[in-house]
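Enquirer: quick check, what structure comes out for this input:
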Amino acid sequence: MSSSDKQQRIAVIAGAGPAGLTAALELLRQSDITPIVIEADTQVGGLSKTINYRGNRMDLGGHRFFSKSDWVMRWWQEILPVAEGQTQSSSAIRIHYQGQSRDLTPEGLAPASSEAVMLVRQRLSRILYRRRFFDYPLTLNANTIKNLGLVEAFRIGLSYGEAQLTARSPEITLEDFLINRFGSRLYRTFFKDYTEKVWGVPCQEISAEWGAQRIKGLSIATAIRHALVRSFRNSVDTSNRPTETSLIERFLYPKFGPGQMWDEVARRVTQLGGAIHLRQRVIALERAAEKIVSIDVLDETTRAVRRVPCDFFLSAMPVKDLIAMLRPDEVHIAQIAADLPYRSFMTAGLLLRSMRGRQTPTDNWIYVQEPDVRIGRLQIFNNWSPALVADPSTIWLGLEYFCDQGDDLWIMEDEQFLNFAIGELEKIGLIERKDVIDGTLVRVPSAYPAYFGAYNQFGHLRNYLDRFSNLYPIGRNGMHRYNNQDHSMLTANAAVDAIVKGAAKKEIWNINAEESYHEETIGADEVRHASAS
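Expert: Numbers count the residues shown, from 1 in each chain. From the prediction side, this is the model:
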């Protein structure tokens, strides 16, 4: 039989976010399998997409492009090389990370245009608390002591010492985890209220596993140690040396936001023969015993349904939806999946003439830990990339809110919500309403898989999914795991290895479950998400 007579093998991929698109491109690069990507949205990228509002671009959550993984770093830079002039040497653009170096020249297919580049950006984040700015990551330096006052700083130190002597054991809840590392007073000051604002439940109801995954490895002592050595560091490249990822102070960023990366990946997928279908949704799975044989896809525009046969199915859709479509015989499996918790997300984009005081903060983001407002974090898009703002004389802000579908924030009309958001920034002294030019609102349902409620029984769901020989859950929602962008890419690559090279499927689940993949920080960002990355 000639190669032309061989039956084409198809991999259906549910979701065109970082995991789905990485899997599609790697299947094309490494095999003769044709990927068909099904995406319900009007654009690719998932949470890493870029929203374009009248020429002003929004990054949903803030995506720093750095990774401990050499493979991810090389992958990104091959798709979008670093722009000339972003490093010290203008004659040869080279980066160094984890003891390795790499010339930043495109390999394989060329970028779509000369604008398809990455910038090297400086990270600056602060915490707004008591109407004062604290350093982020939080350190017990002169600025922090001044803002807290000597007496409160002393009490925090005593509380931390007490926590070291009387550690909570076993660590069951996130509260246990945080108090053991930071002391009860610092926990109540900088973690408790903010975390509960983000997740909508008490810290006593969130699993300690959340802390172990997101913030393992740092303590007050580590943060102070970092502050002492920071001034001696001369990091002029995009290195990811062996250090806690939250303390990395320079990162790569696509010129036109994170969605530019995934638009370019999508272009390459289609150029190499893959298919990406937008405004289409997986609505049913057909299985024979413990194998997926076809997918029913709904066209959201025409309302037509078609059946797509498949040899492999890679799912980045929410686990609760996937299991509902598999129709498990075991009632408890269906119930656990139906009860998995998620947190939704809203971003209000505000365009301003200026901020209060007429001086634009240089932060990428500001964590708003004021208890009298509901905003969680403020992004200043001008500081991520100048190209995100249509008019450089204006200021383009992103106000992040965490909510549940159907709650009071979610059901607000857009104009009402924008007025509410403007009022909150006025209340905490950052803007004046008269300076607001325009605004828009983006809602993201089920954005963040949560680590409470039915999550403590997730092992049953994993065991059930692992029964299916050609099913590969990938990405954040696909695995109900709070992955960063690079973790999601690594799960996709592990799935491709399982399909093409026969690697064990358990390697997919090992991503971001091993210590080497943990994001570690002292700040509230990774208790929140992070966005992630």
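
Enquirer: what does stretch 440-453 contact?
Expert: In this structure, residues lying in contact with stretch 440-453 by Cβ atoms under 8 Å, 6 or more residues apart in numbering are 47, 51, 53, 58, 60, 174, 199, 201, 205-207, 209-210, 213, 318-319, 339-349, 402, 405, 410, 414, 417-418, 455, 476-477, 480-482, 529. From N, CA and C alone the C-beta is placed, and that goes for glycine too.

Enquirer: which ones among the residues you listed map onto helices?
Expert: 174, 199, 209, 210, 213, 319, 414, 417, 418, 476, 477 (DSSP state H).

Enquirer: how many neighbouring residues does the third one have?
Expert: Counted with other Cβ atoms under 10 Å, the burial measure for residue 209 works out to 17 neighbours.

Enquirer: follow-up on the earlier one: what subset of the ones in helices among the contacts of stretch 440-453 is buried?
Expert: By neighbour count, with 16 or more other Cβ atoms under 10 Å, those hold 174, 199, 209, 210, 213, 319, 417, 418, 476, 477 as buried.

Enquirer: pull the most distant pair out of the residues you listed.
Expert: For those, the farthest-apart pair by Cβ to Cβ is 209 and 418; their separation is 36.7 Å.

Enquirer: report pLDDT for residue 529.
Expert: Looking at residue 529, its pLDDT reads 37.

Enquirer: same deal with residue 51?
Expert: 97.

Enquirer: just give the closest residue to it, not the sequence neighbours.
Expert: Once flanking residues are discounted, residue 51 sits nearest to residue 58: 4.1 Å by Cβ to Cβ, 6 or more residues apart in numbering.

Enquirer: wait, the one you found touches residue 381, no?
Expert: Yes - Residue 58 is within contact range of residue 381, at 6.8 Å (criterion: Cβ atoms under 8 Å).

Enquirer: okay, and the common contacts of those two?
Expert: 388, 396, 398.

Enquirer: mind listing which of these are in strands?
Expert: 396, 398 (DSSP state E).

Enquirer: closest one of the shared contacts of residue 58 and residue 381 to residue 282?
Expert: residue 398 (30.1 Å).

Enquirer: beta partners for the closest one?
Expert: In this entry, residue 398 is beta-bridged to residue 349, residue 379, by DSSP bridges.

Enquirer: for the stretch 401-533 of the chain, which segments count as helices?
Expert: 414-427, 458-465, 475-479, 485-500, 506-510, 525-528 (DSSP state H, counting those that start in this stretch).

Enquirer: residue 168 is nearest to which of those helices?
Expert: Closest among those, using Cβ to Cβ: helix 525-528, at 17.0 Å.

Enquirer: hang on, isn't residue 387 packed against residue 255?
Expert: Yes - with contact defined as Cβ under 8 Å, residue 387 counts as touching residue 255 (4.9 Å).

Enquirer: just send the shared contacts of residue 58 and residue 381 back as TSV, with pLDDT too.
Expert: As requested, those are exported to TSV (pLDDT from 0 to 100):
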residue	pLDDT
388	98
396	98
398	98
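
Enquirer: quick one: buried ones out of the shared contacts of residue 58 and residue 381?
Expert: 388, 396, 398.

Enquirer: just confirm residue 300 contacts residue 280, I think it does.
Expert: Yes - between residue 300 and residue 280 there is a contact at 6.4 Å, judged by Cβ under 8 Å.

Enquirer: how close does residue 255 sit to residue 114?
Expert: 10 Å (Cβ to Cβ, to the nearest Å).

Enquirer: just to revisit the earlier point, of the contacts of stretch 440-453, buried ones?
Expert: 47, 51, 53, 58, 60, 174, 199, 201, 205-207, 209-210, 213, 318-319, 340-349, 402, 410, 417-418, 455, 476-477, 480-482, 529.

Enquirer: going by distance to residue 167, which of the shared contacts of residue 58 and residue 381 wins?
Expert: The closest of these, once distances to residue 167 are taken by Cβ to Cβ, is residue 398, at 38.4 Å.

Enquirer: so the closest one is in contact with residue 379, correct?
Expert: Yes - contact status for residue 398 versus residue 379: in contact at 3.8 Å, counting by Cβ under 8 Å.

Enquirer: common neighbours of those two, please.
Expert: Contacts common to residue 398 and residue 379, judged by Cβ under 8 Å, 6+ apart, are residue 59.

Enquirer: with neighbour numbers in mind, choose between residue 255 and residue 114.
Expert: A direct count of neighbours by other Cβ under 10 Å for residue 255 and residue 114 places residue 255 higher, at 17 against 9.

Enquirer: which residues touch that one?
Expert: 83, 115, 116, 117, 118, 119, 385, 387.

Enquirer: max pairwise distance over those: which two?
Expert: The span of those, defined through Cβ to Cβ, is set by 116 and 385 at 13.2 Å.

Enquirer: residue 307: what's it in contact with?
Expert: Residue 307 touches 286, 294, 295, 296, 297, counting by Cβ under 8 Å, 6+ apart.

Enquirer: name the helix or strand for it, please.
Expert: Assigned by DSSP states H and E, residue 307 belongs to strand 305-309.

Enquirer: that strand: partners in the sheet, and parallel or antiparallel?
Expert: Its sheet considered, strand 305-309 pairs with strand 291-299 (antiparallel) by DSSP bridges.

Enquirer: flag every buried residue along the partner strand.
Expert: Neighbour-count burial for strand 291-299 [16+ other Cβ under 10 Å]: 291, 292, 294, 295, 297, 298.

Enquirer: CA atoms only: put that strand into CSV for me.
Expert: Output of strand 291-299 as CSV, limited to C-alpha atoms (Å, rounded to 0.1, in the frame of the first residue of the first chain):
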residue,chain,number,x,y,z
LYS,A,291,-12.4,4.9,23.1
ILE,A,292,-13.7,8.2,21.5
VAL,A,293,-14.7,7.5,17.9
SER,A,294,-16.3,10.8,16.8
ILE,A,295,-17.3,14.3,17.9
ASP,A,296,-20.5,16.2,17.3
VAL,A,297,-19.8,19.9,16.5
LEU,A,298,-22.3,22.7,16.5
ASP,A,299,-21.8,25.7,14.2
